[in-house]
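Peer 1: generate a structure from the sequence data that follows.
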Amino acid sequence: MRIEIVQLENMRSHVKSTVPFARGFNCLVGGLGCGKSSILFAIDFALFGEPLGRSFDYLLREGADSAKVTVQFAHNGNTYTLSRGLRKRGKGIGQDPDQLKLFEGERLISSSKSEAVAEQVKAVTGLDKELFREIVWVRQEHLKELLNAQPRDRQKRLDELFGLSDYETAWSSISAYQRDYEGERRAYEKDADITGMDRLGSEYNRTAEQFTLLEVELEDLTGKLAQAKKTLEEAETKLKRLEEVKTQNEELRRKEARMAANVSSVRDALSSLSRKVASEKTSAEDMRQRLAAMGKQLGSYNAELAEAGLPPDQPLEALKRQMAVFDDQISKVRGELEAAAKNMETDQKRMASLSAESLCPLCLQGLSDEYKNDLMRRIEDENNQRRSLISQLQQDVEKLRQVRQKASAALSNVQLFTPRIEDAKARAGDEENALAELNKELADKQRLEEELHAQLDLVRAEISQFDVSALEDAKATWKQSLELHSRIMSELQLKQNRKEDLARILNEMRERIDHAQQKIERMQKISRSLEILSSIRDAYRSIQPKLRGEFVKVLRNFTQQVLDGLASDEGPMLNINVDETYTPYVVSEGNVEREVSNLSGGERTLLAFAYRLGLGQLIMQSRTGHGLSMLLLDEPTESLGSEDGSIDRLAEAISRFKAVEQTIAVTHSEPFAEKAEHVIRLEKEAGESRVSVER
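Peer 2: Sure, this is the predicted structure:
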């Protein structure tokens, strides 16, 4: 992994800075507080997104509400760009998910979730937070941390970084498993199922024999039950049929009673109808006689009408019109009578006038006596004729009046008798119809009585055919069959229950045997597992010191190589040795070991640098499969001076150490920066960091 560009916005003293890096030895140089270490803090935040302490207060620029860092890095020929942001929320500061993005070239490969991005970074580079902060990034005043640690603490910490502590953890964990397995094996050895396996097998065989015999008995009982069931079904069928016959017979008896009641009822009805028919005949005969008498009376009235000159066979309306004709004739004759009387009265007045005055009554002229006498004679003759006519007319009027009176009386009688006769005829018809209906009903009842008698005889014949003794025999047979069936069923049920009990016992015993067998197999597996675990524990116990010894040997060689690179022209600066606690010792020319605490401050710094560089190479190789490709150093020149050349030697060693592809060092030492291949200078103006690239 190699960092190419770091961009910072509102990170500590950086308002907006862009810092380019190259292969080889890069040096960030500047005075105190100008923002050099802030770039390393920003790189750590961008890669892993977790604060070094409890919060992100140390990153966000004072007075700013948000911040952002973008790191562009190369790995295995690919270019990646990773950006993270911070945002103030109330009194707290947290990551801004919208700013979190990881690109491979132009392709977005992860975003939004910090854990997902960190996992992607580890998948690409092999680095996690622990490796980066312990190996890659050597923070200020942390260079001598491992060198100053107690041997046991150093060994424990480095065993964890090398992965050797996993063997110790596995060894301890296996011990717990061994104890569990041994306790389980002891429990199995005392288990009643395992110790009583033979007895349980014998008991199972005896129970299986009982089960087999019981199955034979059940098969025999099943056959008997089938035969008993068949006999019971036949008895039930016969009993059911006879009970149905009995029910039918009882129904026939009820039918017989109903029919007898019906016959009695019909007989009563016949007697009543006979009386009604006799009464109706008498009534009809009386009505016929009344009709005959009324007919004779009507005939006499019709004769009177005929005598009066009215045809009796005409309707009443025609007779009434004829009576009106009589009235018209009488009126006409009376008119003629009144006219004749009036004319005669006029003539009498004329005669009186002629007798007195001899004047014409019409023209009032005088008349001769002869003409007067002749006129008076003619008038007298006319009056005589009128008197005869009046007498005749009076006779005619009287005759017409008498005829009309007689006709009117006859017509009134006819009008009176006609509806009575019609009513009598209607009643006579009704009587005849009622008599006919009664005769018909009487005939129907007589026919019904005959049919009921015939049906009653048939029913009584059917009733006489039923035999009660057959039903009693069928009941007895059914009862015996039911008792036999119930007895066999009860016995079969008992044996089936016994079979179920035996089957359950066999299943339980089989399960116990299977369970015991499983326990035996489990106990055997546990024994084998204990043997294997013991071997593995021995292996873990023996391999850890061997691996640690190899790591120590390689660490000593790596560290010595770095120290040799730091040596001046006068010869090797230090010869070291490393023991099993990863503790380095200085070996003098007389092969005498002395502790590093006896070294000067500069020597200890150079040794700490070489020691950390050797550890970095070895741990990265063991954890990721490749060596240390990037190294971040924060003020590595502590306790070094320019007078003895130690700063120059460290800078030259770093520049010559090509095993690390990229080194980024933060320093305020100008002599140290002069040895770097690429120098980035930082200055602070008005509280803001300024970045410039010198070379």
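Peer 1: drop to CA atoms for contacts and neighbour counts, all remaining ones
Peer 2: Fine.
Peer 1: chain center to the longest strand along the chain, what's the gap?
Peer 2: The residue-count maximum for a strand in the chain (DSSP state E) belongs to strand 78-89. On the basis of C-alpha atoms, centre = their mean, to the nearest Å, strand 78-89 sits 47 Å off its chain's mean C-alpha point.
Peer 1: stretch 100-118 too?
Peer 2: 42 Å.
Peer 1: export that stretch to CSV, keeping only CA atoms.
Peer 2: C-alpha atoms of stretch 100-118 as CSV (Å, rounded to 0.1, in the frame of the first residue of the first chain):
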residue,chain,number,x,y,z
LEU,A,100,-18.2,7.9,3.5
LYS,A,101,-17.2,6.5,0.1
LEU,A,102,-14.5,4.0,-1.2
PHE,A,103,-13.8,4.0,-5.0
GLU,A,104,-11.6,1.6,-7.0
GLY,A,105,-10.7,3.8,-9.8
GLU,A,106,-14.0,5.4,-10.8
ARG,A,107,-16.1,2.5,-9.4
LEU,A,108,-17.8,2.9,-6.0
ILE,A,109,-17.2,-0.4,-4.1
SER,A,110,-18.4,0.6,-0.6
SER,A,111,-20.2,3.5,1.1
SER,A,112,-22.4,4.7,4.0
LYS,A,113,-21.4,2.1,6.7
SER,A,114,-18.1,2.4,8.5
GLU,A,115,-17.8,-1.3,9.3
ALA,A,116,-18.3,-2.3,5.7
VAL,A,117,-15.7,0.2,4.4
ALA,A,118,-13.2,-1.0,7.0
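Peer 1: low-confidence regions, the stretch 51-200 of the chain specifically.
Peer 2: Within the stretch 51-200 of the chain, the segments meeting pLDDT under 70 span 167-172.
Peer 1: which stretches of it form helices?
Peer 2: 114-125, 129-131, 145-148, 151-162, 165-189, 192-195, 197-307 (DSSP state H, counting those that start in this stretch).
Peer 1: how about the shortest one: buried residues?
Peer 2: Right, helix 129-131. Neighbour-count burial for helix 129-131 flags 129, 131 (criterion: 16 or more other C-alpha atoms under 10 Å).
Peer 1: ok, residues contacting that helix?
Peer 2: Under the contact criterion C-alpha atoms under 8 Å, 6 or more residues apart in numbering, helix 129-131 has outside partners 48, 161, 620.
Peer 1: out of those residues, which is nearest to Tyr188?
Peer 2: Distance to Tyr188 across these (C-alpha to C-alpha) is lowest for Leu161, with 41.8 Å.
Peer 1: tell me how many other residues surround that closest one.
Peer 2: 21 (other C-alpha atoms under 10 Å).
Peer 1: so it sits against Leu618, correct?
Peer 2: No - judged on C-alpha atoms under 8 Å, Leu161 makes no contact with Leu618 at a distance of 10.1 Å.
Peer 1: mind listing the helices for the stretch 501-650 of the chain?
Peer 2: Using DSSP H, counting those that start in this stretch, the helices of the stretch 501-650 of the chain run over 601-624, 646-656.
Peer 1: nearest to Ile536, of those?
Peer 2: That would be, of those and by C-alpha to C-alpha, helix 601-624, which comes in at 21.9 Å.
Peer 1: so for that closest one, mean pLDDT?
Peer 2: Confidence over helix 601-624 (mean pLDDT, whole number) is 80.
Peer 1: next, the buried residues of that helix.
Peer 2: Burial within helix 601-624, assessed by neighbour count using 16+ other C-alpha under 10 Å, is assigned to 602-620.
Peer 1: turn the helices of the stretch 501-650 of the chain into CSV, including distance to Ala22.
Peer 2: Putting the helices of the stretch 501-650 of the chain into CSV (distance: least, C-alpha to C-alpha, whole Å) gives the following:
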stretch, distance to Ala22
helix 601-624, 20
helix 646-656, 13
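Peer 1: what's the closest of those helices to Lys525?
Peer 2: Nearest to Lys525, of all the helices of the stretch 501-650 of the chain, is helix 601-624, at 35.0 Å by C-alpha to C-alpha.
Peer 1: and the angle for that closest one with helix 114-125?
Peer 2: Inter-element angle recorded for helix 601-624 and helix 114-125: 90 degrees (by axes from the mean of the first three to the mean of the last three C-alpha atoms, to 10 degrees).
Peer 1: among the helices of the stretch 501-650 of the chain, which is nearest Asp467?
Peer 2: Per C-alpha to C-alpha, nearest to Asp467 of the helices of the stretch 501-650 of the chain: helix 601-624, 109.5 Å.
Peer 1: show me what that closest one is in contact with.
Peer 2: Outside helix 601-624, the residues that touch it by C-alpha under 8 Å, 6+ apart are 126-127, 131, 135-136, 143-144, 147, 161-163, 551, 554-556, 558-560, 562-563, 566, 596-597, 626-628, 636-641, 646, 650.
Peer 1: let's see 6 Å
Peer 2: Residues from elsewhere that reach helix 601-624 (C-alpha atoms under 6 Å, 6 or more residues apart in numbering): 126, 135, 144, 162, 555, 558-559, 562-563, 627-628, 639-640.
Peer 1: so which of the residues you listed belong to strands?
Peer 2: Among the contacts of helix 601-624, DSSP E puts none in strands.
Peer 1: of those, just say which sits nearest to Gln297.
Peer 2: The closest of those to Gln297 turns out to be Gly126 (C-alpha to C-alpha; 150.9 Å).
Peer 1: excluding chain neighbours, what is closest to the closest one?
Peer 2: In space, Gly126 comes closest to Thr624 once its chain neighbours are excluded; the distance is 5.7 Å by C-alpha to C-alpha, 6 or more residues apart in numbering.
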